[in-house]
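Chemist: got a predicted structure plus its sequence, pasted below:
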Amino acid sequence: MAAGEATTVLGLETSCDETAAAVVRRDADGTARILSNIVFSQLKEHRPYGGVVPEIAARAHVERLDAMTLEAMREAAMSFSDLDAVAATAGPGLIGGVMVGLTTAKAISIGHGLPLIAVNHLEGHALSPRLTEDAPFPYLLLLVSGGHTQLLIVRGVGQYQRLGSTIDDAVGEAFDKTAKLMGLGYPGGPNLERAAKSGDPKRFALPRPLAKRPGCDFSFSGLKTAVRLALADIDAPDEQDVADLAASFQATAAASLSERSRRAMEIFRRDAEPGAPLRFVVAGGVAANGAIRAALSALCANEGFALAVPPPALCTDNGAMIAWAGAERLRLGLIDDLSVAARPRWPLDPDTAAAMNHKGRKGAKA
Ligand code: KG4
Ligand code: ZN
């Protein structure tokens with residue numbers, strides 16, 4: 001396959017509680033076309049437990065992935081011989097689930113003689129805005145998901161420089177835990193956003209995490225604790241109390257993400273070639289949140305950055321972003337051997353992560 005040719009890639013995603021399969025075509029000029037994108041969210045499976053149970057997630061992936069893969073191929077009107085490669089998330093994530101997707105992709109690779117591409121789930125999110133938005137490299141990326149909260153400069157495929165990350169909970173994790181303690185249940189993030197719609201974001205003055213600390217790191221566990229204390233202060237909280245608290249939490253989280261992103265924009269601007277366009281990209285499940293999208297859009301308008309955020313369905317986990325990362329890697333000849341292993345942890349930026357771990361930091365989760 002020559003570098004300039006169109007390619008079509010099947011992508012499988014099984015790293016958490018979404019089972020997903022998609023077929024994406026990358027045209028010779030770099031335009032993406034999503035030919036199919038099938039996502040099954042394991043809501044019913046995990047709801048009784050109030051969160052994701054790894055063993056149940058892995059079993060649910062096993063039960064559904066084969067049929068979903070065939071459905072994605074059918075919907076794209078493709079046979080396996082029409083594909084140029086098969087890509088699957090190889091980490092980071094819940095290891096049982098990751099093994100299901102990666103092993104399925106290996107079987108397809110062997111059975112149909114297709115190159116295998118082991119995709120870092122975070123790279124899937126990091127490149128996802130390029131599926132639907134105008135997002136040429138380099139750009140500043142805010143990656144906000146259930147397991148990660150990071151600011152990175154993305155210079156190209158595989159070229160990531162981390163400017164900051166969370167020192168405790170990821171922002172999605174904070175949404176999920178806060179929703180749980182307010183009795184909003186699983187899935188926490190979307191439920192909390194719904195509750196916040198009828199709430200007053202100014203009623204509770206919650207502490208802004210790391211407000212006085214320089215740099216681009218985040219912290220969200222104190223915010224979650226502040227919500228717990230505020231809740232404990234109210235006798236028998238009613239629906240309006242919960243809505244006000246949800247709105248106050250969401251507004252504080254959005255303000256914190258904006259404030260840290262503003263600092264990262266200063267670094268990006270300093271680092272950029274004179275006159276080069278300034279681009280800010282947001283990806284990951286929490287980027288589906290309307291209040292956060294609005295806050296970051298206002299920030300970009302103030303700071304003179306062009307904003308690119310995927311539509312909400314491509315912010316949360318999906319197969320199209322894995323197929324797309326596969327297509328971007330395939331173009332560069334970055335294919336993997338069948339011996340590639342599933343990885344529970346896998347930082348996007350091994351050098352920064354190693355340096356941070358060396359300093360005894362808690363930030364490098366993946
Ligand atoms: O990227 P993602 O689908 O999976 C991971 O890679 O973690 O992100 C899932 C996270 C969860 O914590 C979920 O609660 C959060 O994204 N999330 C939201 C919303 N939709 C998903 N958080 C706030 N508001 C939302 N609308
Ligand atoms: Zn994700």
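Modeler: Received it, and whenever you're ready, just let me know what you need. Ligands and ions are numbered 1, 2, ... in the order given.
Chemist: mind giving me the packing neighbours of the helix or strand where residue 99 lies?
Modeler: Assessed by DSSP states H and E, residue 99 sits inside helix 95-112. Other helices and strands packing on helix 95-112, by 3 or more C-beta pairs under 8 Å, 6 or more residues apart in numbering; DSSP states H and E, are strand 7-13, helix 54-75, strand 85-91, strand 116-120. Placement of C-beta: from N, CA and C, glycine included.
Chemist: tell me if I'm right that residue 158 and residue 334 touch.
Modeler: Yes - at 7.1 Å, residue 158 counts as touching residue 334 under the criterion of C-beta atoms under 8 Å.
Chemist: run through who's touching the helix holding residue 99.
Modeler: Helix 95-112 is contacted by residues 10, 12-16, 54-55, 57-58, 61-62, 65-66, 69, 80-81, 83, 86-91, 114-116, 118, 338, 340, 342-344 when judged by C-beta atoms under 8 Å, 6 or more residues apart in numbering.
Chemist: return a PyMOL selection command for the buried portion of the residues you listed.
Modeler: Buried residues within the contacts of helix 95-112, by 16 or more other C-beta atoms under 10 Å, are selected in PyMOL with:
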select buried, resi 10+12+13+14+15+16+57+58+61+62+65+69+83+86+87+88+89+90+91+114+115+116+118+340+342+343
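Chemist: I'd like the next helix or strand past the helix or strand hosting residue 194.
Modeler: Using DSSP H and E, residue 194 sits in helix 188-196. The helix or strand immediately downstream of helix 188-196 is helix 221-232, counting by DSSP H and E.
Chemist: give me the mean pLDDT for that following helix.
Modeler: Helix 221-232 shows a mean pLDDT of 96.
Chemist: wondering if that helix reaches ligand 1 at all.
Modeler: No - contact of helix 221-232 with ligand 1 (C-beta under 6 Å from any ligand atom) is absent, the minimum separation being 12.4 Å.
Chemist: counting neighbours, which bits of that helix end up buried?
Modeler: Using 16+ other C-beta under 10 Å as the test for burial, helix 221-232 gives 222, 223, 224, 226, 227, 230, 231.
Chemist: of these, closest to ligand 1?
Modeler: The closest of the buried residues of helix 221-232 to ligand 1 turns out to be residue 224 (C-beta to the nearest ligand atom; 12.4 Å).
Chemist: ok, back up a step: next one: the helix holding residue 194, is it in contact with ligand 1?
Modeler: Yes - using C-beta under 6 Å from any ligand atom, helix 188-196 reaches ligand 1 at 188, 189, 190, 193.
Chemist: out of those, which is nearest to residue 295?
Modeler: Taking C-beta to C-beta as the measure, residue 295 sits nearest to residue 193 out of the residues of helix 188-196 next to ligand 1, at 13.0 Å.
Chemist: hmm, that closest one is touching residue 286, no?
Modeler: No - the criterion here is C-beta under 8 Å, and residue 193 misses it with residue 286 at 9.7 Å.
Chemist: have a look at the two and say which one is more surrounded.
Modeler: Ranked by neighbour count (other C-beta atoms under 10 Å), residue 193 and residue 286 place residue 286 first, with 29 against 21.
Chemist: hang on, that one in a strand?
Modeler: No - counting by DSSP: H, G, I helix; E, B strand; the rest coil, residue 286 is located in no strand; its state is helix.
Chemist: contacting residues around the closest residue to it other than its chain neighbours?
Modeler: Once flanking residues are discounted, residue 286 sits nearest to residue 144: 3.8 Å by C-beta to C-beta, 6 or more residues apart in numbering. Residues in contact with residue 144 (C-beta under 8 Å, 6+ apart) are 170, 171, 172, 257, 282, 283, 284, 285, 286, 287, 292.
Chemist: repeat for residue 168
Modeler: Residue 168 neighbours (C-beta under 8 Å, 6+ apart): 219, 220, 221, 222, 362.
Chemist: what is the neighbour count of the first one?
Modeler: It refers to residue 219. Residues lying near residue 219 (other C-beta under 10 Å) number 18.
Chemist: number of residues surrounding the residue nearest to it when sequence neighbours are not counted?
Modeler: Counting by C-beta to C-beta, 6+ apart, residue 209 is the residue found nearest to residue 219 once chain neighbours are left out, at 4.2 Å. Close neighbours of residue 209, defined as other C-beta under 10 Å, add up to 27.
Chemist: surely residue 209 is in contact with residue 222?
Modeler: Yes - the pair residue 209 / residue 222 is scored as a contact, 5.6 Å apart, by C-beta under 8 Å.
Chemist: export the helices and strands packed on helix 95-112 to CSV and tack on mean pLDDT?
Modeler: Listed next are these as CSV, based on pLDDT from 0 to 100:
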stretch, mean pLDDT
strand 7-13, 98
helix 54-75, 98
strand 85-91, 98
strand 116-120, 98
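Chemist: and those as a markdown table, adding distance to residue 199?
Modeler: Formatted as a markdown table, the helices and strands packed on helix 95-112 follow (distance: least, C-beta to C-beta, whole Å):
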| stretch | distance to residue 199 |
| --- | --- |
| strand 7-13 | 33 |
| helix 54-75 | 31 |
| strand 85-91 | 35 |
| strand 116-120 | 37 |
